[in-house]
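**Q** take this sequence and fold it.
(4 chains)
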Protein chains: 2
Amino acid sequence: MTMTSENHIMLLADLFRLLGDTTRLRIVLACLDAPIAVNDIATRLALSSSLVSHHLRLLRAARILKADRQGKQVFYSAADQHISGVLADMLAHIAEPAGEEV
Amino acid sequence: MTMTSENHIMLLADLFRLLGDTTRLRIVLACLDAPIAVNDIATRLALSSSLVSHHLRLLRAARILKADRQGKQVFYSAADQHISGVLADMLAHIAEPAGEEV
DNA sequence: TTAACATATGAACATATATTCATATGTTAA
DNA sequence: TTAACATATGAATATATGTTCATATGTTAA
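**A** Okay, here's the model as predicted:
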């Protein structure tokens, strides 16, 4: 952790930046439970499928989500288990009472 | 994880967005080892102290870092242990071989 | 083939934000 | 008090980026 190369820092920042938009974060959360198709994400989150597709492209490029085509539809799901770990840690951070020393 | 309120989503996104900038991320990493003063961060990262201070303000407001004044200097350090957990998980995500099913 | 559906993409625009510069505030020593 | 140092902040600007709209690509059924 102490030694983090500039290369890794850029990759890390890219990942965090992608999760740092509420729309994209909601899309990621929608994909964590089970694989879900683009249109279903759009319906569930009340977004245009164009917008969802734009975001999915970025999330897939960063290997946060992976795509699986089944016929006409493309199902998206978490690329690995680390993202949910990150989200769990961040939720714990939010739950941490302000000003408490740990 | 399944149920994440809109309120929590906004807080989560705020935290990720803050870590999603390379300059701010480097500042956070510089504060993880031990408390460090503003000017020392600026020197170590070759940044202006003005820029560092601007970023520290945001990081402190999000309770990612906490401030401790000692005389003229203000030392910054991690607010709690969750952030380093998040960073460790994200580094693991980066280290994950592409295309591997987990 | 054509038609209908599902997803993806390029351009344009509006908004957000990282950085710089100047200045202000706070702290300690003389 | 003044001077020197350390940190913080406000305004301005340049850049990045989320969203929309139009259109393209890919897939299946008739």
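**Q** average pLDDT for stretch A:39-56?
**A** Across stretch A:39-56, the average pLDDT comes to 98.
**Q** try stretch A:23-34
**A** Mean per-residue pLDDT for stretch A:23-34: 97.
**Q** close to DNA strand D, is it?
**A** Yes - counting by CB under 7 Å from any atom of the strand, DNA strand D has neighbours in stretch A:23-34: A:Thr23, A:Arg24. Yep, even glycine has a C-beta here, placed from its N, CA and C like the rest.
**Q** ditto for stretch A:55-73
**A** Yes - against DNA strand D, stretch A:55-73 shows contacts by CB under 7 Å from any atom of the strand at A:His55, A:Leu58, A:Arg69, A:Gly71, A:Lys72.
**Q** for that stretch, list every residue counted as buried.
**A** Neighbour counts over stretch A:55-73 (16 or more other CB atoms under 10 Å in any protein chain shown) mark A:His55, A:Leu56, A:Leu58, A:Leu59, A:Ala62, A:Arg63, A:Ile64, A:Leu65, A:Lys66 as buried.
**Q** which of those residues fall in helices?
**A** A:His55, A:Leu56, A:Leu58, A:Leu59 (DSSP state H).
**Q** I'd like those laid out as CSV, including distance to B:Leu91.
**A** Shown next, in CSV, are those (distance: CB to CB, whole Å):
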residue, distance to B:Leu91
A:His55, 24
A:Leu56, 24
A:Leu58, 20
A:Leu59, 19
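**Q** DNA strand C next: which of those residues are close?
**A** A:Leu56.
**Q** one step back: from the residues of stretch A:55-73 next to DNA strand D, which is closest to B:Glu96?
**A** The closest of those to B:Glu96 turns out to be A:Leu58 (CB to CB; 17.9 Å).
**Q** can you tell me the closest non-neighbouring residue to that closest one?
**A** In space, and not counting its chain neighbours, A:Leu58 is closest to A:Leu18: 5.9 Å by CB to CB, 6 or more residues apart in numbering or on different chains.
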